[in-house]
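A.B. asks: Based on what follows, work out the 3D shape:
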Amino acid sequence: MSDIQPTLAISEAQVAFFHENGYLAIDSITTQEEIDRLKGVYDDLFARRAGREDGNQFDLGGVDDGAAQAALPQILNPSRYAPALADTLYKANALAIARQLLGSDAAYGGDHAILKPPHSPAPTPWHQDEAYWSPDLEYRSLSVWMPLQDVDTRSGCMEFVPGSHRLDILEHQSIGGDARIHGLELAVDYDFSKAVACPIPAGGATFHLSTTLHYTSPNASDEPRRAYILVFGAPTKQRATPRRFPWNEEKHTAREERAASARVNAI
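C.D. replies: Below is the predicted model of the structure:
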């Protein structure tokens with residue numbers, strides 16, 4: 001149990017906006033002091049490639065063979081490798097707001113971090129988060145995305161399609177159709193003309209449901225684009241209607257191989 005108590009609540013109008021559009025952006029979820037501290041922790045994690053042997057550090061946008069610079073470096077479960085991330089005002093406020101949006105049974109479900117190096121040409125393609133998950137379960141889940149520096153469309157802020165949370169999970173594929181790549185992209189034509197960009201300051205946050213279509217552009221700025229993401233959800237349940245996500249069945253990545261090896265070595 002955290003000793004840090006939440007200091008924020010959102011308005012009824014913001015709750016209504018979220019349920020109508022499938023996303024919400026706010027300008028502040030924590031203090032500048034905490035952002036400054038988290039930035040140092042974050043940069044250290046990526047500098048030492050924390051979690052790589054476990055399959056938790058990998059290139060989201062490339063084949064992740066270690067031979068080339070990563071297009072989209074990512075770390076799953078960074079709080080496992082940096083205990084300072086486990087108990088923050090960011091997490092306390094994010095959980096409080098998640099319960100306003102999802103209900104009182106919402107609980108913390110994990111964290112991850114995605115780094116876009118300066119002048120990185122790689123976008124995070126349009127996708128739905130749930131496309132990565134088990135197709136056998138029903139979810140009531142959201143992600144909280146916080147930048148550790150100001151972000152806009154030039155550096156890779158979040159962009160959403162309002163109302164897309166009402167869609168079923170659309171067809172996806174590994175980025176570029178390469179099953180060696182962990183990252184997914186939408187594999188069907190879609191009209192993105194109504195997409196909305198959400199530039200926010202360092203320590204601001206966006207919230208989006210697991211079915212909401214979202215994207216971030218390449219980072220054309222001179223500074224790394226650091227994003228730290230928390231996931232919250234209500235308890236899952238088995239789906240009454242079966243479904244398949246063939247894009248995940250076809251995937252064969254170096255990340256999965258390292259994770260499988262780590263599990264065997266832990267036995």
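
A.B. asks: Residue 226 against residue 44, yeah?
C.D. replies: No - using C-beta atoms under 8 Å, residue 226 is not in contact with residue 44, being 11.8 Å away. All C-beta atoms are positioned from the backbone trio N, CA, C, and that covers glycine.

A.B. asks: between the two, who's got more neighbours?
C.D. replies: For residue 226 versus residue 44, the count of surrounding residues by other C-beta atoms under 10 Å is larger for residue 226: 21 against 13.

A.B. asks: mind checking the end-to-end distance for stretch 110-123?
C.D. replies: Terminal residues of stretch 110-123 lie 23 Å apart, using C-alpha to C-alpha, to the nearest Å.

A.B. asks: ok, which stretches of this protein are helices?
C.D. replies: 12-21, 32-47, 78-81, 89-102, 246-249, 254-266 (DSSP state H).

A.B. asks: and the second one, what does it pack onto?
C.D. replies: Other elements packing on helix 32-47 under the criterion 3 or more C-beta pairs under 8 Å, 6 or more residues apart in numbering; DSSP states H and E are strand 73-76, helix 78-81, helix 89-102, strand 107-116, strand 225-233.

A.B. asks: Same check on the last one?
C.D. replies: If you count contacts as 3+ C-beta pairs under 8 Å, 6+ apart, helix 254-266 packs onto strand 57-59.

A.B. asks: pLDDT averaged over the strand it packs on, what's the number?
C.D. replies: Averaged over strand 57-59, pLDDT sits at 97.

A.B. asks: How far does it sit from its chain's centre?
C.D. replies: Relative to the mean C-alpha coordinate of its chain, strand 57-59 is positioned 14 Å out (C-alpha atoms, centre = their mean, to the nearest Å).

A.B. asks: Residues in contact with it: which ones?
C.D. replies: Outside strand 57-59, the residues within contact range by C-beta atoms under 8 Å, 6 or more residues apart in numbering are 49-52, 64, 70-76, 181-182, 253-255, 258.

A.B. asks: Repeat that for stretch 62-79.
C.D. replies: Defining contact as C-beta under 8 Å, 6+ apart, one finds that stretch 62-79 is touched by 42, 45-46, 50-51, 56-61, 81, 85-86, 110-117, 120-122, 124, 178, 180-183, 228, 253-255.

A.B. asks: Is it possible to get TSV of the helices and strands packed on helix 32-47 that adds mean pLDDT and distance to residue 145?
C.D. replies: Formatted as TSV, the helices and strands packed on helix 32-47 follow (pLDDT from 0 to 100; distance: least, C-beta to C-beta, whole Å):
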stretch	mean pLDDT	distance to residue 145
strand 73-76	98	13
helix 78-81	98	14
helix 89-102	98	10
strand 107-116	98	9
strand 225-233	98	5
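
A.B. asks: Redo these as a markdown table? Include distance to residue 209.
C.D. replies: A markdown table is the format used below for the helices and strands packed on helix 32-47 (distance: least, C-beta to C-beta, whole Å):
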| stretch | distance to residue 209 |
| --- | --- |
| strand 73-76 | 20 |
| helix 78-81 | 23 |
| helix 89-102 | 9 |
| strand 107-116 | 13 |
| strand 225-233 | 10 |
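
A.B. asks: who wins for proximity to residue 14 among these?
C.D. replies: The closest of the helices and strands packed on helix 32-47 to residue 14 is helix 89-102. By C-beta to C-beta, the value is 8.5 Å.

A.B. asks: Now do the buried residues in the closest one.
C.D. replies: With burial defined by 16 or more other C-beta atoms under 10 Å, the residues of helix 89-102 counted as buried are 89-102.

A.B. asks: Reformat these as a markdown table; add distance to residue 244.
C.D. replies: Listed next are the buried residues of helix 89-102 as a markdown table, based on distance: C-beta to C-beta, whole Å:
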| residue | distance to residue 244 |
| --- | --- |
| 89 | 41 |
| 90 | 36 |
| 91 | 34 |
| 92 | 38 |
| 93 | 37 |
| 94 | 32 |
| 95 | 32 |
| 96 | 36 |
| 97 | 33 |
| 98 | 29 |
| 99 | 32 |
| 100 | 34 |
| 101 | 29 |
| 102 | 26 |
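
A.B. asks: Now for the most centrally placed residue in the chain: which residues touch it?
C.D. replies: Most central in the chain under C-alpha atoms, centre = their mean is residue 229, positioned 5.0 Å from the mean C-alpha point. Residue 229 sits next to 111-114, 143-146 when contact means C-beta under 8 Å, 6+ apart.
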